[in-house]
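Peer 1: what would the 3D arrangement of this be:
(2 chains)
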Amino acid sequence: MLTKLKYTEELNVQEVYHQLQLGEQPILIKNFPLDDLYLENFVLQLGEPVIEARNIRGKSVFNVEVSKQNNFFRSIANSNIEFPLHTDCADFKEIPNCIALLCVQPATETQGTSRFTSLSAILEKLSPIEIKLLTQKQWLFRNKQRPILQQEEISYSICYDRITMETFAEVSKEDINLLHKLDALFNNVSFTLFLEQSDLILFRNDLLLHGRSGFDLDSRRLLKRVRLYLK
Amino acid sequence: MNIQYAIGEPDNQNGLIYKQIAIDISDKNTIGDFISKLHEIIGLPMYREVTWGENTTKVSCVYYIQKKLGELSFIVLDKSRMNTKVSKFPKSGPNGELTIIINNSTGIVN
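Peer 2: Numbers count the residues shown, from 1 in each chain, chains lettered A, B, ... in the order given. Down below sits the predicted model:
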């Protein structure tokens, strides 16, 4: 379910890379230094990070924390709202296949808990007919049309973010019911993990869905996020 | 004051169409006042409604002020800067206009 490592000067980055290539489970590194530059440089050894203007210093690290503008949240990630299982950057032309999240400040122990579900666990619960439907039916992710499941030779990848799917397109009642069913299925095969301070979790964005439970609005929960294209 | 603005993604300059307009506001006003006035003039809501299942919430636009003409470096406006006077911000337009990008689409989810 989870590969656990402890950060030391001798941490084998190639082992982390290898585990990410296998992609079946998140990798948790305990005691990771709480330093943006350190995180940036660590990720550079694994792949090409996504650089965005809104990130810190316009580079690769983004603060996932409660943040408002005009009295509204700056994004769902920047809210205290429960975030259902999803793929990051589902509306990107090329979706980064890996995410790194470094916990700087957790919420209280019963709140802001991370949730993951693996594509292999999802596929085990789907019938061949359902898999076929999910590989064929196209959904609009803001301005990109793609199916939820994509077959690549003998393996699959997943792209799912119902907030983007429902916000930028008219979704029929029938399709909303399908999304409810998928949410229920994904949740049933998911597992939770409470990230502690200095926990760095790395996981495949194309092979796992992730989400989090809600937490108090005045929480100081802070995760540092880097998205990347694995080498 | 003269400004140029675009609605879209700062990271995708090819998709941006800048418009030059004049806004009846002094640069002694705060950037927060300027933002409110800009939304009023261009008729763009300050938020986008985000929906999933039975849930709906409003997510704010995010603002980027270009630092230098021809460069992809920006000041990302956050709550702490909203009381800063407009005069304190760089004017990077070809004719010395303040250049602002309003993003109300990418990144509103994550």
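Peer 1: where does chain B dip in pLDDT?
Peer 2: Along chain B, segments meeting pLDDT under 70 are nowhere present.
Peer 1: now do the helices in it.
Peer 2: Per DSSP state H, chain B carries helices over the ranges B:31-42.
Peer 1: show me which residues of chain A sit near chain B.
Peer 2: By C-beta under 8 Å from any C-beta of the partner chain, the residues of chain A that approach chain B are A:51-54, A:58, A:67-77, A:79, A:81, A:83-84, A:86, A:88-89, A:91, A:142, A:161-164, A:166-168, A:176, A:179-180, A:183. Any C-beta I mention is one placed from the backbone N, CA and C, and that applies to glycine too.
Peer 1: which of those fall within helices?
Peer 2: Using DSSP H, the residues of chain A next to chain B in helices are A:162, A:163, A:164, A:166, A:167, A:176, A:179, A:180, A:183.
Peer 1: who wins on neighbours among these?
Peer 2: If you count neighbours using other C-beta atoms under 10 Å in any protein chain shown, the busiest of these is residue A:164, which has 27 neighbours.
Peer 1: surely it and residue A:92 touch.
Peer 2: No: look at residue A:164 against residue A:92 with C-beta atoms under 8 Å: they stay out of range, at 10.5 Å.
Peer 1: ok, residue 109 - contacts?
Peer 2: No chain specified, so I'll use chain A. By C-beta atoms under 8 Å, 6 or more residues apart in numbering or on different chains, residue A:109 lies in contact with residue A:194.
Peer 1: oops, chain B please
Peer 2: A:75, A:76, A:77, A:86, A:161, A:163, A:164, A:167, B:50.
Peer 1: all helices for chain A, in order.
Peer 2: A:13-22, A:36-44, A:119-125, A:128-136, A:162-167, A:173-188.
Peer 1: can you add distance to residue A:220 and give those helices back as a markdown table?
Peer 2: What follows is these, written out as a markdown table (distance: least, C-beta to C-beta, whole Å):
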| stretch | distance to residue A:220 |
| --- | --- |
| helix A:13-22 | 28 |
| helix A:36-44 | 17 |
| helix A:119-125 | 33 |
| helix A:128-136 | 39 |
| helix A:162-167 | 24 |
| helix A:173-188 | 27 |
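Peer 1: residues of chain B that sit close to chain A?
Peer 2: Checking chain B against chain A by C-beta under 8 Å from any C-beta, the hits are B:10-11, B:35, B:46-53, B:55, B:57-64, B:72-74, B:76-79, B:103, B:105-110.
Peer 1: A PyMOL selection for those residues, restricted to the buried ones, would help me check which they are.
Peer 2: To isolate the buried ones among the residues of chain B next to chain A in PyMOL, judged by 16 or more other C-beta atoms under 10 Å in any protein chain shown, type:
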select buried, chain B and resi 10+11+35+46+47+48+50+51+52+57+59+60+61+62+63+64+74+76+77+103+105+106+107+108+109+110
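Peer 1: take the residues of chain B next to chain A and keep only those in strands.
Peer 2: Among the residues of chain B next to chain A, the members found in strands (DSSP state E) are B:47-52, B:55, B:57-60, B:62-64, B:74, B:76, B:103.
Peer 1: okay, the helices of chain A in TSV with mean pLDDT next?
Peer 2: Below are these laid out as TSV (pLDDT from 0 to 100):
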stretch	mean pLDDT
helix A:13-22	96
helix A:36-44	97
helix A:119-125	97
helix A:128-136	97
helix A:162-167	97
helix A:173-188	97
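Peer 1: and the contacts of stretch B:6-17?
Peer 2: So stretch B:6-17 is contacted by A:51-54, B:18-19, B:44, B:64, B:72, B:74, B:100-106 (C-beta under 8 Å, 6+ apart).
Peer 1: done for today, thanks.
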